[in-house]
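# With the sequence up front, the predicted model follows.
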Amino acid sequence: MAPLTSRWRQAAVLALAAVLCGAAWADPPGRVGRLAELQGTVWMYDHDHGEWVDAVRNHPITSGDRLSTDGDARAELRIGSTTVRLDADTQLDVVELDDEHLRFQLHSGRLAVRARSNEVASEIEVATTDGRFLPQRAGHYRIDRDETLSAATVWAGELRFDGGDSALELQPGQRAEFWKESGVTHYTWGSPPRDGFGDWAQSEDRRDEREAHRYVSPEMTGWEDLDRHGRWERHPEYGALWIPVHVVPGWAPYRYGRWAWVRPWGWTWVDDAPWGFAPFHYGRWLWWGGRWCWAPGAYVARPVYAPALVGWVGGPSVNVSIHIGSGPVVGWVPLSPLDVYRPWYPLPRHHWRYVNPRTPDRFYRPGEPPQGPVMYTNRGVPGGVTVVPSDVLKRRQPIGNVARQVDPKLAQQFVRQPGVHQVPPPANGAVRPAPVVPRPVSPAPRAPAVQAPARPAEPTRPPSGAEGRRGHGVVVPPARREPGPPTMRPPAAREEAPRAAEPPRPEPPPAAQRVTPTPRAPATREPGDGGRRHVHRPPEEREGRPGGGPRQQVQ
């Protein structure tokens, strides 16, 4: 039998890698969230290291992420045009965040969801142990979860509660509380709460309404910060350009921030600037008029996210003779509108067309890095090439101070080295998995119920002398190390923050006065209920008990 050609050998390796890697390296989604605002101490669970770490602004959020706020903290999560705001003492799991679903599991605390599109609202789902909350159209909703019950408030829009054995529709200005007892769902009507979290969420939402999205889609995560921190101009060839108004002297894209390893994409840029999300994960950068400008490209209804639109040069696996100090170096350059983005991770063809709108489809070669040197357009721009010691990436260190120590002539010489190509270095010095050929994936049907993902075992608390910090410089919350109940944090892990007083909730009626709700029948509010608890009864029983007796109303 004749030996296999080089192309056949490569195809065989890619096929084997697809079998071995499986779903772990499936096609990444085109939609992503980000941590937009952080007040106080906010934690994020690092699955790779098995510990809670300090959350960082502009960190991408995707399926499987877990967030937790301390007693004096709040957080804002942005996913395109959708905003999720978290109050203090809140634990949230991002169950599924992809192109078709936005599914969350609220274990404890309070969150507000603002959906600005009917299409996106139909994809949102917030689950608690009592049931699922499903926005039916664009609106503003609040979900609360404490030790005994869940509550929903509709500020605007329409919300459906699905408890498995009953359902309830909520209209603007309504609030309902839900709890389960002996496997049966019960509910009561109440008044919308007036507290600090509600005032903050609605105030921030009114500020968002004043923001414009003239040149980019509101489904581009990070769009809301562009007009706040920059101005727009028109380029004769590339159209609308965005220019940041406040940057330090010598500023360059992908220079002031750090690299993080985020699955399923790999190396991901996390910028320090408050506006530093959209310009670093969509579009391209170019040098025009003696300054750096960001070109978002043509308007796309649902833009495709990329971890970092840069060209990588060098790395520990490349034979580069230039060194800084005693170790190898790695560098990158921002891609211009004329450069092709070739990620090493699987990228579906329809996503590739969005991130490379000026490149013909014949250049689409998943898993195949370019052969030989690549001469990027921005390589000769002042500050266009950033070169740092390779261990800076492994340690997740800030780039700015280290990069300024590199001589510009050395950076240019580094780019011209033979053998430099566009492949990022592996994480923590490990061997990078072989790329997987993208395969078409049918959209999964909407699940009938949200189940919280299996919560990985959290590491035990270290000795007091070593508490609070790992070797790679990430702070670990001392009291969060020991796992607690799945719906609550350990009591010692939080300090209660003062909150505005809420109206006392009446005690549930005795079990003997409750009637089991009819499965799947829509629950309705009876006129003149005055806030009293009602049980869910079928229509034929609402006018009176069977047998002709007077109607029973549970106080």
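Happy to help now that I have it. Residues are numbered from 1 along each chain as shown.

# just checking, residue 120 is part of a helix?
Yes - counting by DSSP: H, G, I helix; E, B strand; the rest coil, residue 120 is located in a helix.

# per-residue confidence for the nearest residue to it once chain neighbours are set aside?
Take residue 120 and drop its neighbours on the chain: the residue closest to it by C-beta to C-beta, 6 or more residues apart in numbering is residue 82, 5.7 Å away. In short, each C-beta sits where N, CA and C put it, glycine included. Predicted confidence (pLDDT) for residue 82: 97.

# Could you count how many residues lie near residue 82?
24 (other C-beta atoms under 10 Å).

# what's near enough to touch it?
102, 113-117, 120, 124 (C-beta atoms under 8 Å, 6 or more residues apart in numbering).

# Please, a ChimeraX command that selects the buried ones among the residues you listed?
To isolate the buried ones among the contacts of residue 82 in ChimeraX, judged by 16 or more other C-beta atoms under 10 Å, type:
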select :102,113,114,115,116,120,124
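
# Secondary structure for the contacts of residue 82 - can I get that in TSV?
Formatted as TSV, the contacts of residue 82 follow (three-state DSSP):
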residue	secondary structure
102	strand
113	strand
114	strand
115	strand
116	coil
117	coil
120	helix
124	strand
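
# Any chance of a markdown table for the contacts of residue 82, columns distance to residue 198?
A markdown table is the format used below for the contacts of residue 82 (distance: C-beta to C-beta, whole Å):
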| residue | distance to residue 198 |
| --- | --- |
| 102 | 22 |
| 113 | 13 |
| 114 | 13 |
| 115 | 17 |
| 116 | 19 |
| 117 | 23 |
| 120 | 22 |
| 124 | 19 |
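
# can you redo the contacts of residue 82 as a markdown table with pLDDT and distance to residue 361?
Shown next, in a markdown table, are the contacts of residue 82 (pLDDT from 0 to 100; distance: C-beta to C-beta, whole Å):
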| residue | pLDDT | distance to residue 361 |
| --- | --- | --- |
| 102 | 98 | 30 |
| 113 | 98 | 38 |
| 114 | 98 | 38 |
| 115 | 97 | 34 |
| 116 | 95 | 33 |
| 117 | 95 | 30 |
| 120 | 97 | 29 |
| 124 | 98 | 34 |
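
# of the contacts of residue 82, closest to residue 218?
residue 116 (6.5 Å; C-beta to C-beta).

# ok, the closest one touching residue 140?
No - between residue 116 and residue 140 no contact is recorded; they are 9.4 Å apart, counting by C-beta atoms under 8 Å.

# ok, now which ones touch residue 145?
106-110, 128-130, 151, 487.

# and the least confident of these?
residue 487 (37).

# Pairing partners for residue 388 in the sheet, please.
On the basis of DSSP bridges, residue 388 is bridged to residue 330.

# is it true that it touches residue 398?
No - applying C-beta under 8 Å as the test, residue 388 and residue 398 come out as separate, 10.2 Å apart.

# Compare these two (neighbour count), which wins?
residue 388 (23 against 15).

# Which pLDDT value goes with the more buried one?
Listed pLDDT for residue 388 reads 84.

# With residue 375 instead?
74.

# and the closest residue to residue 244 other than its chain neighbours, how far is that from residue 296?
Spatial nearest neighbour of residue 244, chain neighbours left out: residue 230 (4.7 Å); criterion: C-beta to C-beta, 6+ apart. The spacing between residue 230 and residue 296, counted by C-beta to C-beta, to the nearest Å, is 12 Å.

# tell me, what's touching the two both at once?
Contacts common to residue 230 and residue 296, judged by C-beta under 8 Å, 6+ apart, are residue 242.

# Those two - which one has more neighbours?
Using other C-beta under 10 Å as the criterion, residue 230 and residue 296 rank with residue 296 on top: 24 against 19.

# What residues does the more buried one make contact with?
215-216, 220, 240, 242, 278, 282-283.

# Show me the residues you listed that map onto strands.
The strands, defined by DSSP state E, take in 240, 242 from those.

# This protein: helices as residue ranges?
Per DSSP state H, the chain carries helices over the ranges 6-21, 118-121, 196-209, 226-229, 278-281, 349-355, 391-394, 400-403, 408-415.

# Now residue 262: closest residue in space, sequence neighbours ignored.
Among residues not flanking residue 262 along the chain, residue 268 sits closest, at 4.2 Å (C-beta to C-beta, 6+ apart).

# again, but for residue 259
In space, residue 259 is closest to residue 393, 4.9 Å off (C-beta to C-beta, 6+ apart).

# Tell me, how many residues neighbour the one you found?
Counted by other C-beta under 10 Å, the residues lying close to residue 393 total 24.

# about what we covered before: check the contact lists of residue 116 and residue 140 and give me the overlap.
With C-beta under 8 Å, 6+ apart, residue 116 and residue 140 have no common neighbours.

# need the contact list for residue 85.
Counted by C-beta under 8 Å, 6+ apart, residue 85 has contacts 74-77, 111-112, 114, 200-201, 204.

# mind checking how far the closest residue to residue 73 other than its chain neighbours is from residue 203?
Distance criterion C-beta to C-beta, 6+ apart; nearest residue to residue 73, sequence neighbours excluded, is residue 40 at 3.0 Å. As judged by C-beta to C-beta, residue 40 and residue 203 stand 18 Å apart.

# so residue 393 sits right up against residue 330, yeah?
Yes - taking contacts as C-beta under 8 Å, residue 393 lies within contact range of residue 330: 6.4 Å.

# will you turn the contacts of residue 85 into TSV that also has distance to residue 342?
What follows is the contacts of residue 85, written out as TSV (distance: C-beta to C-beta, whole Å):
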residue	distance to residue 342
74	39
75	34
76	33
77	30
111	38
112	40
114	36
200	43
201	41
204	39
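
# Dump the C-alpha coordinates for stretch 97-110 into PDB.
What follows is stretch 97-110, C-alpha atoms only, in PDB (Å, rounded to 0.1, in the frame of the first residue of the first chain):
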ATOM      1  CA  LEU A  97     -24.700  30.900  27.300                       C
ATOM      2  CA  ASP A  98     -24.500  30.300  23.500                       C
ATOM      3  CA  ASP A  99     -26.000  31.500  20.300                       C
ATOM      4  CA  GLU A 100     -29.500  30.100  21.200                       C
ATOM      5  CA  HIS A 101     -29.800  30.200  25.000                       C
ATOM      6  CA  LEU A 102     -29.200  32.400  28.000                       C
ATOM      7  CA  ARG A 103     -29.900  30.100  31.000                       C
ATOM      8  CA  PHE A 104     -29.000  30.900  34.600                       C
ATOM      9  CA  GLN A 105     -29.400  29.200  38.000                       C
ATOM     10  CA  LEU A 106     -30.000  31.600  40.900                       C
ATOM     11  CA  HIS A 107     -29.000  29.800  44.100                       C
ATOM     12  CA  SER A 108     -29.400  32.700  46.500                       C
ATOM     13  CA  GLY A 109     -29.700  36.500  46.500                       C
ATOM     14  CA  ARG A 110     -31.300  38.900  44.000                       C
END
